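# curious how this folds, go ahead:
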Amino acid sequence: MAAENQALSPGQRRPDQVATRLERLILDGVFRPGQLLPSERRLCDRLGVSRASLREGLRILRSKGIIDTRQGHGSTVATLLPVNQQSPLMHLFKDHPRTLFDLLEVRALLEGESARLAASRGTSADRVLITRRYHEMADYAETAEPIDVERLARFDHAFHLAVSQASHNPVLVHTLQSLTDLLLSSVFASVKHLYHLPVPRAMINQQHAQLHDAVVSGDAEQAKQVALEHLSSISQLLRDLEVEHDRLERSSMRLEEWQ
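Sure, this is the predicted structure:
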């Protein structure tokens, strides 16, 4: 919460400056969609502004749809991206599994760079969160019996999201968050189809460990390389499974009576 501690200078205490400061905190992920903002008193103390300026700044954010305020319940950060009202394109992506490989390519482009940036820009607080998310995922994968595929997929996604947040690039972070449902579908597919196989499972676990170690140690190029190899190898394994499935299907059809 270091960003929150930076008080505005006396010349920056106009309501529009207060609103800009709060917008920056939201962009940086200090305050996240659905999160209740601190009390007015705490915000005034942290930002070094008067209550009147803060209230006017909050009014500006409400007018932009960035926060929602309920009488007696305070203000929360609004949902910045559509969740339930998905575009027709998103439905097409979700309903046609072959787009999975296109999605994995996009993930490689975005997550490879986010891993590199996280290793070079991440703070000690970022590294603590990345390590926490990594151990939540790794501990569950090691101890759960049987493994709940959806739950493991969410742990996996949370780990990769923590890495992206440490990039300190708000556009990159919010782009990835806007694809949450699609990203979860790709993680779910890899866990569902690969994690029950000993060799892919060991590979995925090792790559996650390598990614964690590279990011928290600040090795930017290694972090990027591991992230790219992780997604590339998953894509190739899923393609191999698809080819094998097609072969089995053709063989089965040849055995059936068609007349």
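# going forward, measure contacts and count neighbours with C-alpha atoms only.
Will do.
# who's in contact with residue 35?
The contact partners of residue 35, by Cα atoms under 8 Å, 6 or more residues apart in numbering, come to 76-77.
# an error on my part: the question was meant for residue 228.
108, 111-112.
# in strands, which of those appear?
If you go by DSSP state E, the contacts of residue 228 have nothing in strands.
# from those residues, pick the one nearest residue 45.
residue 111 (36.8 Å; Cα to Cα).
# from residue 189, how far off is the closest one?
Distance, residue 111 to residue 189, using Cα to Cα, to the nearest Å: 18 Å.
# repeat for residue 108
Counting by Cα to Cα, the gap from residue 108 to residue 189 is 16 Å.
# then residue 224?
23 Å.
# the more surrounded of the two?
Shown here are residue 224 and residue 189; by other Cα atoms under 10 Å, residue 224 has more neighbours (25 against 19).
# is it true that the more buried one touches residue 120?
No: when contacts are counted by Cα atoms under 8 Å, residue 224 is not listed as touching residue 120 (10.8 Å).
# tell me, what's touching those two both at once?
By Cα under 8 Å, 6+ apart, no residue touches both residue 224 and residue 120.
# counting contacts, what elements does the helix or strand containing residue 42 pack onto?
For residue 42, the host element (DSSP states H and E) is helix 40-47. Applying 3 or more Cα pairs under 8 Å, 6 or more residues apart in numbering; DSSP states H and E, one finds that helix 40-47 contacts helix 51-63.
# which residues in the protein form strands?
67-70, 74-77.
# let me see the domain layout of the chain.
Using automatic domain parsing, the domain parsing of the chain gives 14-77, 88-241.
# from these, which stretch is densest packed?
Across the domains of the chain, averaging neighbours per residue (mean count of other Cα atoms under 10 Å) puts domain 88-241 on top, at a mean of 18.
# mind pulling up the pLDDT for the residue nearest to residue 41 when sequence neighbours are not counted?
Setting aside the residues directly before and after it, residue 41 is nearest to residue 51 in space (Cα to Cα, 6 or more residues apart in numbering), at 7.5 Å. Looking at residue 51, its pLDDT is 90.
# residue 51 and residue 45 touch, don't they?
No: counting by Cα under 8 Å, residue 45 is not a contact partner of residue 51; they are 9.5 Å apart.
# contacting residues for residue 114?
163-164, 166-167, 172, 224.
# I'd like to know how far it sits from residue 99.
In this view, residue 114 and residue 99 are 22 Å apart by Cα to Cα.
# just the contacts of residue 228 now: which is nearest residue 131?
Using Cα to Cα, residue 111 comes nearest to residue 131 of the contacts of residue 228, at 17.1 Å.
# so how far is residue 166 from the closest one?
Computed with Cα to Cα, the distance linking residue 111 and residue 166 is 11 Å.
# residue 71 too?
From residue 71 to residue 166 the distance is 35 Å (Cα to Cα).
# the bottom helix or strand of this structure by mean pLDDT?
Every helix and strand in the chain was compared by mean pLDDT, DSSP states H and E; the lowest is helix 88-95, with a mean of 53.
# hmm, residue 26 and residue 170 touching each other?
No: Residue 170 is beyond contact range of residue 26, at 9.2 Å (criterion: Cα under 8 Å).
# quick one, what contacts the spatially most central residue of the chain?
With distances taken as Cα atoms, centre = their mean, residue 161 lies nearest the centre of the chain, 3.0 Å away. Applying Cα under 8 Å, 6+ apart to residue 161 gives the contacts 173, 176.
# please apply the same query to residue 214.
Per Cα under 8 Å, 6+ apart, neighbours of residue 214: 119, 220, 222-223.
# next, give me the two most distant ones among those.
119 and 222, at 9.0 Å, using Cα to Cα across the contacts of residue 214.
# what stretches of the chain score poorly on pLDDT?
Scanning the chain for pLDDT under 70 picks out 1-13, 80-98, 244-259.
# now do the helices in it.
15-27, 40-47, 51-63, 88-95, 99-121, 124-143, 149-165, 170-178, 180-194, 198-217, 220-255 (DSSP state H).
# closest to residue 77 out of those?
helix 15-27 (7.8 Å).
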